[in-house]
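>>> give me a 3D structure for the following:
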Amino acid sequence: MALIEIGAAAKAAAASMNRLTVGKKNEGLTFVAEEIVRCAHEILEENQKDIQCAREAGMKESLVDRLTLTKERIGDIAEGIRQVVKLEDPIGETVSMKMMPNGLQIGQRRVPLGVIGIIYESRPNVTADAFALCFKTGNAVILRGGSDAIHSNMAIVRVIRAALREKGLPEDAIQLLSDTSRETVREFMRLNEYIDVLIPRGGAGLIKTVVENSTVPVIETGTGNCHVYVDESADLDMAVNIIVNAKTQRLGVCNACESLVIHDAAAENAVPAICRALCAHGVEIRADERAYRYAGEVKKEIAGEAGRGAIVPATEEDFGTEYLDKIISVKIADSIEEAIRHINYYNTGHSESIVTKDYESAMKFLNEIDAAAVYVNASTRFTDGFEFGFGAEIGISTQKLHARGPMGLLALTSTKYVIMGNGQIRE
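You can find the predicted model right below:
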C-alpha cells in the first residue's frame, strides 16, 4: 500500500473506533493478549532472524538485548496489554463543567487524538505496547519500526491484526510500514492530512531528525542521560545498591543510570565502595580528577583482572553521554548546589535520583532538578509505564507540553469543549 492509502485506512479505522464501547475495546485487547501468547513460537522464530542479522552487523550486546524477545518477555508483553484492559477508559470523561451567568453549561470531554504515527528503534515490545494504549483510547496507530526489528514487528502486527479481524474489529487500527527506507520515513513525517500526532521513540539522532523534519505535530520522547547523586548524608549501602541496579540491571534502556555525582564530603568512602561494586559487574568508570584519585586503591585491586571493569580519567564529553553500555561517568561536587547545576546542565530531562538521609536536601533536589521524573532514595529504573501503573507506555516524554514522563492513556487523549444550552443567543 502507498502511504496515502495507509493514512486513509487509518483515518477510517479511527472513525469507526470512536463508536466502540469500552467493553468491545477491552474484549479485543484481551483476545490480542491471548493470541500473542498462543503465537509466541511464531514471533520468536521471526525475532531470531533479527537477532542473527544484528550480530552479523556487529551490534553491541546491550542493544541486541533490547531487540531480543524470549518466552518470558512475550508473556510480559501480554501482561502489559491485560493491565491496559484493567485501566479505566478515559474517553468520554467530563474533565470539567461550569454554569455561566447566561445559563450555558460549558465543559470539557476527553476524546481520542485520532491517528498516531510512531517511529521507533529496536524494541519489538513497543509494537504491542503502542497498539494497546492507542486502541484503548480509540486511536488508530501507524508504526514505523527500525529495520533491525522488522521481522519481529511484522510478526507481532500480523498476530494483532488477525485477532482484531476475528473479533470483527477494525484491523487497520494498527498498521506497520514494511518499507523502512529514509525516503519513506521522510514522506511519513509529512503525512499531516492523515496523521494527527507523531511520536519518535529512540536515540538522539532519530528524535532530532523527526523534530526538525516533521510537518505533523510531534510529542518528543527523549534520550536518558540519567544521574544518581550521592549526598553527604547518604546511607552508603543503600547508595551502592541503588547505583548497581540503576546501571547494570539492564544496560540498553533510557532509564539506566549513565552518570554519578558524589558529594566530596562522602567521596572518600563512597567512591571506593561504589567503584568496587560496579567493577565487579564489569563496568568501566570514567572519573573526574578527584574521583580518579579517591579510586586509587580499587585501581590496584582490579589491575590485570579480566572482566573486572576499569577506572579511567573522564573527558568533558563523558558527562553528557548516554552510553547504553557498561560505562558510567563520575563527578565530585563540593555541594548539593553544584551537583544540581551539573545535573541540570548535562541531563536530558529524563530521570534523576538523590540518595540522602537529609530531608532538606531531598526537597531541594525534588524542587530544583529539571526532569520528567525525580527520585529520592530509589533507582531510576522505575521510570516506566508498567512500573507507574499505566500497564504499558507509548514512550517517555522529556518535553514540557501536556505529556511528560511515561506516557500512558491520558497522554493519548485530547479534549473538546461541550456546551449545553436552552436557546441562548449572543447579543
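
>>> rest of the way, CA atoms for contacts and neighbours
Noted.

>>> for the stretch 301-427 of the chain, give me the ranges with low pLDDT.
391 (pLDDT under 70).

>>> run through the helices of it in chain order.
Along the stretch 301-427 of the chain, counting by DSSP state H, counting those that start in this stretch, helices occupy 336-346, 359-368.

>>> could I get those helices as a markdown table with distance to Lys167 and mean neighbour count?
Below are the helices of the stretch 301-427 of the chain laid out as a markdown table (distance: least, Cα to Cα, whole Å; neighbours: other Cα atoms under 10 Å):
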| stretch | distance to Lys167 | mean neighbour count |
| --- | --- | --- |
| helix 336-346 | 49 | 18 |
| helix 359-368 | 47 | 14 |
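
>>> measure the spatially closest residue to Lys247 that is not a sequence neighbour to Val115 for me?
Nearest non-adjacent residue to Lys247, counting by Cα to Cα, 6 or more residues apart in numbering: Cys257, 4.8 Å away. Cys257 sits 34 Å away from Val115, going by Cα to Cα, to the nearest Å.

>>> more neighbours: these two, which one.
Cys257 (34 against 28; other Cα atoms under 10 Å).

>>> roughly how far does the more buried one sit from Ala234?
Distance from Cys257 to Ala234, by Cα to Cα: 17 Å.

>>> hang on, the earlier thing: reformat the helices of the stretch 301-427 of the chain as JSON lines; add distance to Arg426.
Listed next are the helices of the stretch 301-427 of the chain as JSON lines, based on distance: least, Cα to Cα, whole Å:
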{"stretch": "helix 336-346", "distance to Arg426": "50"}
{"stretch": "helix 359-368", "distance to Arg426": "46"}
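
>>> Gly92: which of these is closest?
Nearest of the helices of the stretch 301-427 of the chain to Gly92, taken as Cα to Cα: helix 359-368 at 34.1 Å.

>>> packing partners for the closest one?
With contacts defined as 3 or more Cα pairs under 8 Å, 6 or more residues apart in numbering; DSSP states H and E, helix 359-368 has these neighbours: helix 336-346, strand 373-376.

>>> angle of it against helix 336-346?
On the basis of axes from the mean of the first three to the mean of the last three Cα atoms, to 10 degrees, helix 359-368 is oriented at 20 degrees to helix 336-346.

>>> need the contact partners of helix 359-368.
Applying Cα atoms under 8 Å, 6 or more residues apart in numbering, the contact partners of helix 359-368 are 231, 336, 340, 354, 356, 374-376.

>>> check stretch 253-264 too.
With Cα under 8 Å, 6+ apart as the criterion, stretch 253-264 contacts 66, 223-232, 243, 246-248, 250, 270-271, 319, 321-324, 327-336, 339, 350-351, 380-383.

>>> show me which of the residues you listed are buried.
Buried subset of these (neighbour count, 16 or more other Cα atoms under 10 Å): 66, 223-232, 243, 246-248, 250, 270-271, 319, 321-324, 327-333, 336, 339, 350-351, 380-383.

>>> return the subset of those residues lying in strands.
Mapping these onto strands (DSSP state E) picks out 226-230, 327-333, 351.

>>> and the residues you listed, which is closest to His41?
Ile327 (34.7 Å).

>>> and the closest one, how far from Asp237?
If you go by Cα to Cα, the gap between Ile327 and Asp237 works out to 21 Å.

>>> neighbours of Glu305, just the number please.
9.

>>> do Arg109 as well
Arg109, neighbours per other Cα under 10 Å, totals 18.

>>> part of a strand, is it?
Yes. Judged by DSSP: H, G, I helix; E, B strand; the rest coil, Arg109 forms part of a strand.

>>> check contacts around Ala162.
For Ala162, the contacting residues are Glu171, by Cα under 8 Å, 6+ apart.

>>> so what's Asn26 closest to, chain neighbours aside?
Val85 (5.3 Å).

>>> for whichever strand or helix holds the one you found, name the packing helices and strands.
Using DSSP states H and E, Val85 sits within helix 71-86. Here helix 71-86 touches helix 22-38, helix 40-56, helix 125-136, going by 3+ Cα pairs under 8 Å, 6+ apart.

>>> quick one, the first one and helix 125-136 angle?
Right, helix 22-38. 160 degrees.

>>> pLDDT on helix 22-38, on average?
Averaged across helix 22-38, pLDDT comes to 97.

>>> Lys60 - how many residues pack around it?
13.

>>> need the helices for the stretch 51-200 of the chain, in chain order.
With DSSP H, counting those that start in this stretch as the criterion, the stretch 51-200 of the chain has helices at 61-67, 71-86, 125-136, 150-166, 182-188.

>>> among those helices, which comes closest to Gly282?
It's helix 61-67; of those, that one is closest to Gly282 (Cα to Cα) at 13.1 Å.

>>> and the closest one, what does it pack onto?
By 3+ Cα pairs under 8 Å, 6+ apart, helix 61-67 packs against helix 40-56.

>>> buried residues of the helix it packs on, list them for me.
Applying 16+ other Cα under 10 Å to helix 40-56 flags 40, 43-44, 46-48, 50-51, 54 as buried.

>>> next: stretch 149-163.
Buried residues in stretch 149-163 (16+ other Cα under 10 Å): 149-161, 163.

>>> circling back to that earlier point, reformat the helices and strands packed on helix 71-86 as a markdown table; add distance to Met1.
Putting the helices and strands packed on helix 71-86 into a markdown table (distance: least, Cα to Cα, whole Å) gives the following:
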| stretch | distance to Met1 |
| --- | --- |
| helix 22-38 | 24 |
| helix 40-56 | 22 |
| helix 125-136 | 20 |
